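**Q** Got a sequence here, can you build the structure:
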Amino acid sequence: MELKIGLLVGMEQSFPTAFIEEVRQRKAGVTAEFVKLGGTRMDDPVPYAVIIDRISHEVPYYRTFLKHAVLQGVRVVNNPFMWSADDKFFGASLLTRLGIASPKTVVLPNKEYVPGIRHPESLRNLIYPLDWWGILHYVGLPCVLKDAHGGGWKDVYICHSLEEVIHYYNQSGLRTMILQEYIDWQEYIRCLCLGQQEVLVMKYDPRARRYIPEKEFLPPDLYERIVRESLTIVQALGYDMNTVEWAIRDGIPYAIDFMNPAPDLDYYSITPTFFEWAVRHMADMAIRLAKMPRAPQTTPRWDRLLSGGVDSGETSRTETQ
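**A** Just a heads-up that it's a prediction; the model follows:
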């Protein structure tokens with residue numbers, strides 16, 4: 001019986017088509033196909049060994065289904081329990097604990113709240129007004145205001161004054177915002193990390209939002225540090241598919257954005273060179289995970305769900321490109 005890999009995707013075209021064909025050509029006893037859903041019963045079996053999730057952050061039903069799939073022993077890339085729990089401030093705190101350089105970050109109380117929240121009674125734990133000058137003294141100017149749960153460069157503002165910070169904060173509505181130190185970088189790097197084992201280091205221009213397919217553009221020691229610390233981050237998060245972005249200032253790499261569990265894999269965006277690497281190594285990872293024995297069915301526990309249902313002692317090897 002062939003093992004199956006399921007794909008959950010949105011509008012993207014180039015990656016899913018190429019990935020399915022790559023898996024088919026391997027003739028490894030594994031097939032890949034689009035997952036088809038039309039309402040999930042609580043005892044429905046899930047016929048996949050692995051599901052690659054590219055869209056559940058925008059389709060809540062998919063996220064709910066994927067949690068059900070984990071209970072059935074399916075390896076989901078990326079683990080929906082961790083993905084549901086992460087945010088950019090948690091990430092900043094995590095990197096501080098890991099000893100990895102990152103911008104100074106403050107999470108802010110929401111500007112607005114759902115109906116039924118009465119400010120004097122419901123929010124008695126909040127200090128008001130905020131000590132804006134104290135916050136700015138910590139992060140400095142210019143600074144970056146952005147959504148703690150956002151992505152895709154949405155709701156990101158570079159602020160050069162307190163007035164700008166308050167102006168954009170006042171427009172944030174129900175979003176939880178973070179204020180972050182601005183890193184004036186000399187080089188910017190985006191790393192595609194797969195299987196918590198492999199790292200593709202790519203030169204990236206965030207202003208033009210384009211990849212630059214150059215080789216050997218970093219000193220060897222800095223390259224090795226970026227690879228090593230990128231792996232440390234994804235292994236701490238448990239993400240098998242992620243991008244980690246680094247802003248290099250005065251020779252020090254600062255982790256700027258490192259929770260991208262549905263990274264850009266479009267042929268025309270990441271360039272043909274990087275696209276071919278991504279398709280090939282995504283197939284390697286998915287086939288390897290599909291052939292791993294499923295975890296034995298035991299009483300569900302939160303720590304096992306956060307680890308995707310795999311044993312915490314699962315070994316991994318490190319490869320870089």
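
**Q** Leaving out chain neighbours, which residue sits closest to A255?
**A** In space, and not counting its chain neighbours, A255 is closest to S102: 4.6 Å by C-beta to C-beta, 6 or more residues apart in numbering. C-beta coordinates here come from the backbone N, C-alpha and C atoms, glycine included.

**Q** Helix or strand: which one has that neighbour?
**A** Per DSSP states H and E: S102 is located in neither a helix nor a strand.

**Q** any idea how far it is from A247?
**A** Distance, S102 to A247, using C-beta to C-beta, to the nearest Å: 10 Å.

**Q** what do those two both touch?
**A** Y254, I256 (C-beta atoms under 8 Å, 6 or more residues apart in numbering).

**Q** Wait, the residue nearest to A255 touches A92, no?
**A** Yes. S102 is within contact range of A92, at 5.7 Å (criterion: C-beta atoms under 8 Å).

**Q** Tell me where the stretch 101-250 of the chain has helices.
**A** Taking DSSP state H, counting those that start in this stretch, the helices of the stretch 101-250 of the chain run over residues 119-122, 132-139, 162-169, 220-237.

**Q** Just name the most buried of these.
**A** helix 220-237 (a mean of 18; mean count of other C-beta atoms under 10 Å).

**Q** which strands and helices sit next to it?
**A** Packing partners of helix 220-237 (3 or more C-beta pairs under 8 Å, 6 or more residues apart in numbering; DSSP states H and E): helix 88-98, strand 187-194, strand 198-205, strand 241-249, strand 252-257.

**Q** Mind doing that once more with 6 Å?
**A** strand 187-194, strand 241-249 (3 or more C-beta pairs under 6 Å, 6 or more residues apart in numbering; DSSP states H and E).

**Q** domain parsing for the chain?
**A** 104-181, 185-272 (automatic domain parsing).

**Q** Which among these is found nearest to M285?
**A** domain 185-272 (4.0 Å; C-beta to C-beta).

**Q** and that closest one, how far out from the chain's middle?
**A** Computed by C-alpha atoms, centre = their mean, to the nearest Å, the chain-centroid distance of domain 185-272 equals 12 Å.

**Q** So what's the model's average confidence on the longest helix along the chain?
**A** The residue-count maximum for a helix in the chain (DSSP state H) belongs to helix 267-291. Helix 267-291 comes out with an average pLDDT of 97.

**Q** Check which residues of that helix are buried.
**A** 267, 270, 274-275, 277-279, 281-287, 289-290 (16 or more other C-beta atoms under 10 Å).

**Q** wait, what's in contact with G6?
**A** G6 is in contact with V35, Y48, I51, counting by C-beta atoms under 6 Å, 6 or more residues apart in numbering.

**Q** Partner strands of the helix or strand where it lies and their direction?
**A** Element membership for G6, per DSSP H and E: strand 3-8. Strand pairing for strand 3-8, using DSSP bridges, gives strand 30-34 (parallel), strand 50-53 (parallel).

**Q** how about the last one as PDB, C-alpha atoms only?
**A** I take that to be strand 50-53. Extracted in PDB, the C-alpha atoms of strand 50-53 (Å, rounded to 0.1, in the frame of the first residue of the first chain):
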ATOM      1  CA  VAL A  50       2.100  13.600   6.000                       C
ATOM      2  CA  ILE A  51       0.200  16.700   5.200                       C
ATOM      3  CA  ILE A  52       2.000  19.900   4.000                       C
ATOM      4  CA  ASP A  53       0.000  22.900   5.200                       C
END
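
**Q** show me where pLDDT drops low in the protein?
**A** Across the chain, the ranges flagged by pLDDT under 70 are 295-298, 302, 309-321.

**Q** Kindly recompute the last result at 50.
**A** Residues of the chain meeting the criterion pLDDT under 50: 311-321.

**Q** Next, name the residue at the spatial heart of it.
**A** N260 (2.3 Å; C-alpha atoms, centre = their mean).

**Q** Now do the same contact list for that residue.
**A** N260 makes contact with N242, T243, according to C-beta under 6 Å, 6+ apart.

**Q** Let me see the backbone angles for it.
**A** The phi/psi pair for N260 (degrees, to the nearest 10) reads phi -130, psi 70.

**Q** Okay, it and V234: tell me how far apart.
**A** Counting by C-beta to C-beta, the separation of N260 from V234 is 10 Å.

**Q** hmm, who's touching stretch 231-238?
**A** N79, M82, L98, C193, Q196, N242, V244, F258.

**Q** For the residues you listed, which entry has the maximal number of neighbours?
**A** Highest neighbour count within the contacts of stretch 231-238: V244, with 30 neighbours (other C-beta atoms under 10 Å).
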